[in-house]
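Colleague: Quick one: sequence plus predicted model below, questions after.
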Amino acid sequence: MKHVITMLMFVLLIQAATAQTTAASKEEMQKLTSWAGHWTGSSVWSMRGKEERATVDEAIEWRADGHALLINGVGKNSEGQIVHEALGVVSYNAHQSKYHLNSWLRDGRSTDAWLIVLGENQFQWGFETPQGKIRYNIELTSKTWKEKGEFSSDGTQWYPFFSMDLTKTAE
């Protein structure tokens, strides 16, 4: 009987801790509320002296009862050919007290990126590559999304290589 009571107490403690973690995760994800919606606009990639422009369509939706954001982005060139396609999932890990952004590209590459909230509707995300570090700065208003990408081989000197300007067309 003593064993059963101990086990029951353990299960109740686990359930309480899980409920707190779930609430904390959902609360932190609410800082990304402005992301959700349908966004359109343009992007410019500048690599090795060559610029590539695209018309961008981003659909961002809440999933898993507010614990994850699903991001689906497609960029097309002036001929209507897809030049960029990405799928991303943003979540918050309450045990680690940090956001995760996992993404997959149409060419098979993927990232497990970090994401931080810099301020109200200001975010930064990034990841490391064998060549250096990549980071993106996002600034949002209720109707605009501005994102700038930078590269650094040493983590101190940053070089711009990407910009994206989007307008929210639907919630």
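Modeller: Okay, I see it.

Colleague: all strands of this protein, in order?
Modeller: Taking DSSP state E as the test, the strands found in the chain are 37-47, 50-63, 68-76, 82-93, 98-105, 110-119, 122-129, 132-140, 144-152, 159-170.

Colleague: Okay, now the sheet partners of the fourth one, with direction.
Modeller: Spelled out, that is strand 82-93. Applying DSSP bridges, strand 82-93 is found paired with strand 68-76 (antiparallel), strand 98-105 (antiparallel).

Colleague: Of the ones you listed, flag the one that's most buried.
Modeller: Greatest average neighbour count among those goes to strand 68-76 (a mean of 18), per mean count of other CB atoms under 10 Å. In short, each C-beta sits where N, CA and C put it, glycine included.

Colleague: who's in contact with that strand?
Modeller: Residues outside strand 68-76 that contact it (CB atoms under 8 Å, 6 or more residues apart in numbering) are 29, 32, 35-36, 43, 54-63, 82-91, 103.

Colleague: What angle do strand 50-63 and that strand make with each other?
Modeller: Inter-element angle recorded for strand 68-76 and strand 50-63: 150 degrees (by axes from the mean of the first three to the mean of the last three CA atoms, to 10 degrees).

Colleague: State the mean pLDDT of strand 68-76.
Modeller: Across strand 68-76, the average pLDDT comes to 97.

Colleague: so it versus strand 159-170, what angle?
Modeller: 110 degrees.

Colleague: distance between strand 68-76 and the chain's centre?
Modeller: Relative to the chain's own centre, strand 68-76 is displaced by 10 Å; criterion: CA atoms, centre = their mean, to the nearest Å.

Colleague: let's have the chain start at 21 instead
Modeller: Yes, from this point I'll number from 21; that puts the last item at strand 88-96.

Colleague: re the thing from before, nearest to residue 147, out of the strands paired with strand 102-113?
Modeller: Closest to residue 147 of these is strand 118-125 (CB to CB; 8.5 Å).

Colleague: tell me the average confidence for that closest one?
Modeller: Mean per-residue pLDDT for strand 118-125: 96.

Colleague: same check, this time on stretch 166-179
Modeller: Average pLDDT, stretch 166-179: 96.

Colleague: my read: residue 159 touches residue 140, true?
Modeller: No: the criterion here is CB atoms under 8 Å, and residue 159 misses it with residue 140 at 10.2 Å.

Colleague: the more surrounded of the two?
Modeller: Neighbour count, other CB atoms under 10 Å: between residue 159 and residue 140, residue 159 has more, with 14 against 8.

Colleague: give the contact list for the more buried one.
Modeller: Taking CB under 8 Å, 6+ apart, one finds 141, 142, 165, 166, 167 in contact with residue 159.
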